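**Q** 3D, please:
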Amino acid sequence: MTGHGNDIFMWLILSITGYAVLAVVGIMDKFLLSQAKLPTALYTFYSTIFVLPVLLLVPFGVKFLHSGFDWSLALVSGVTFALAMWTMFVGFEKSEISHIGPLIGAATPLFVLLFSYLFLSEILTGRELWAVGLLIFGSLIVSFEKSKKHSGWHVGMLWGVLSGLLFAVSHVSVKYLYSQYGFLSGFVWTRAAIGLVGVFLFLHPAVYRAIFHISIWDRIKNKFRLRQSYGETKQNNLILVGTDKILGVVGVVLIQYAIAIGSVSLVNALGGLQYGFLIILVLLLSKFWPKKFKEDYATGEILQELLSVVIIVFGLILLV
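**A** Predicted coordinates for the structure are as follows:
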């Protein structure tokens, strides 16, 4: 294990806090994609382009990478992270977040465990492996969907597994850079690569039209009807997107710093906590604010999700 004593406490608290924040972000992502009807490409653009200003930190102690291999690794980490977000958003569109989210939460640490062993020589103790197994199993249980739209495996779940694979490649790559250059330098160069994906996405027809054409056309079309309502809706969506992205940055920074000072396998295994928090939030929102956010539950699904949370908690206890 990477840390002991205070170090364990630090990366554990950072991970728990980061995943709680990302659970809220996941709910907002689903709402914006399904209710506000933002195109996936446009939403991925918003999720990547605003990371680019991280380059402003370069004069403040950021080290330049020493080799072409390290620069390539930074690029791979950033690009795969951006692609992982895009495939995650596609999965959210095609299924329910309370199922696709936990599937990503199970797939990511599985791939990370494999890649970190192969490429970082990271070996966990028996107790830590049990903890990882419980955390992954808890996430996997709730990922199987039986609803009005789907029963068992479907295409949305394939997008979820692909997202988990891409997240794993990104996390293991950046862990190597953290070990060589420290947190700040590794974070800045990999986040800058994510921002570059946003620059390329700007050329995507759906993104370009949404920014420069659709908004103008809609203002003309609605000049004499529903103008005020449309303006308020658009403004509210922009506020939600802005809030979502700020919270996303906070969550990512916490998780990335936890990865830098702790075990990449264990921090990613704790991703099951994110979906434990998410399950609870979905249940509360579906019950008390169904007009704004609602997911339907088949018979026994609530028990399935509660069992998942209990297993995740037991996995967490093994790490403490």
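
**Q** List the buried residues in the helix or strand where W159 lies.
**A** If you go by DSSP states H and E, W159 is part of helix 155-181. When burial is assessed from 16 or more other CB atoms under 10 Å, helix 155-181 yields the following buried residues: 156-157, 159-178, 181. Any C-beta I mention is one placed from the backbone N, CA and C, and that applies to glycine too.

**Q** what's the following helix or strand past that helix in contact with?
**A** Once the chain leaves helix 155-181, the next helix or strand it forms, by DSSP H and E, is helix 183-201. Identification of contacts with helix 183-201 by CB atoms under 8 Å, 6 or more residues apart in numbering yields 41, 44-45, 47-55, 57-58, 60-63, 65, 71, 74-75, 77-79, 81-83, 170, 173-174, 177-178, 180, 207, 253, 256-257, 260-261.

**Q** The residue lying closest to L254 once chain neighbours are set aside and M85: what is the separation?
**A** Of all residues not flanking L254 in the chain, G18 sits nearest, at 3.2 Å (CB to CB, 6 or more residues apart in numbering). Distance of G18 to M85, given as CB to CB, to the nearest Å: 16 Å.

**Q** Repeat that for L124.
**A** Where M85 is concerned, L124 sits at a distance of 27 Å (CB to CB).

**Q** and the two? which has more neighbours close in?
**A** In this view L124 and M85 are compared by other CB atoms under 10 Å, and M85 has more residues nearby, 23 against 18.

**Q** For that one, what is the enclosing helix or strand?
**A** helix 68-94.

**Q** by how many degrees do that helix and helix 183-201 diverge?
**A** Angle, helix 68-94 to helix 183-201, by axes from the mean of the first three to the mean of the last three CA atoms, to 10 degrees: 60 degrees.

**Q** Now do the buried residues in the helix or strand hosting Q304.
**A** Q304 is part of helix 301-319 when elements are defined by DSSP H and E. Within helix 301-319, the residues that count as buried by 16+ other CB under 10 Å are 301, 304-305, 308-309, 311-312, 315-316, 319.

**Q** quick one: average pLDDT of it?
**A** Taken as a whole, helix 301-319 has a mean pLDDT of 78.

**Q** by contact count, what packs against it?
**A** Judged by 3 or more CB pairs under 8 Å, 6 or more residues apart in numbering; DSSP states H and E, helix 301-319 is in contact with helix 126-143, helix 271-288.

**Q** Out of these, which gets nearest to K245?
**A** When those are compared by CB to CB, helix 271-288 sits nearest K245, at 17.3 Å.

**Q** now the angle from that closest one to helix 155-181?
**A** Angle between the axes of helix 271-288 and helix 155-181 is 140 degrees (criterion: the same axes, to 10 degrees).

**Q** got the CA coordinates for helix 271-288 in CSV?
**A** This file holds the C-alpha atoms of helix 271-288, laid out as CSV (Å, rounded to 0.1, in the frame of the first residue of the first chain):
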residue,chain,number,x,y,z
GLY,A,271,-15.3,4.8,-6.9
GLY,A,272,-18.1,2.5,-5.8
LEU,A,273,-18.8,5.1,-3.1
GLN,A,274,-19.6,7.6,-5.8
TYR,A,275,-22.4,5.3,-7.0
GLY,A,276,-23.5,4.5,-3.4
PHE,A,277,-24.0,8.2,-2.9
LEU,A,278,-25.6,8.5,-6.4
ILE,A,279,-28.1,5.7,-5.7
ILE,A,280,-29.2,7.5,-2.5
LEU,A,281,-29.6,10.8,-4.4
VAL,A,282,-31.6,9.2,-7.2
LEU,A,283,-33.9,7.6,-4.8
LEU,A,284,-34.5,10.9,-2.9
LEU,A,285,-34.9,12.9,-6.1
SER,A,286,-37.3,10.4,-7.7
LYS,A,287,-39.4,10.4,-4.5
PHE,A,288,-39.5,14.1,-3.6
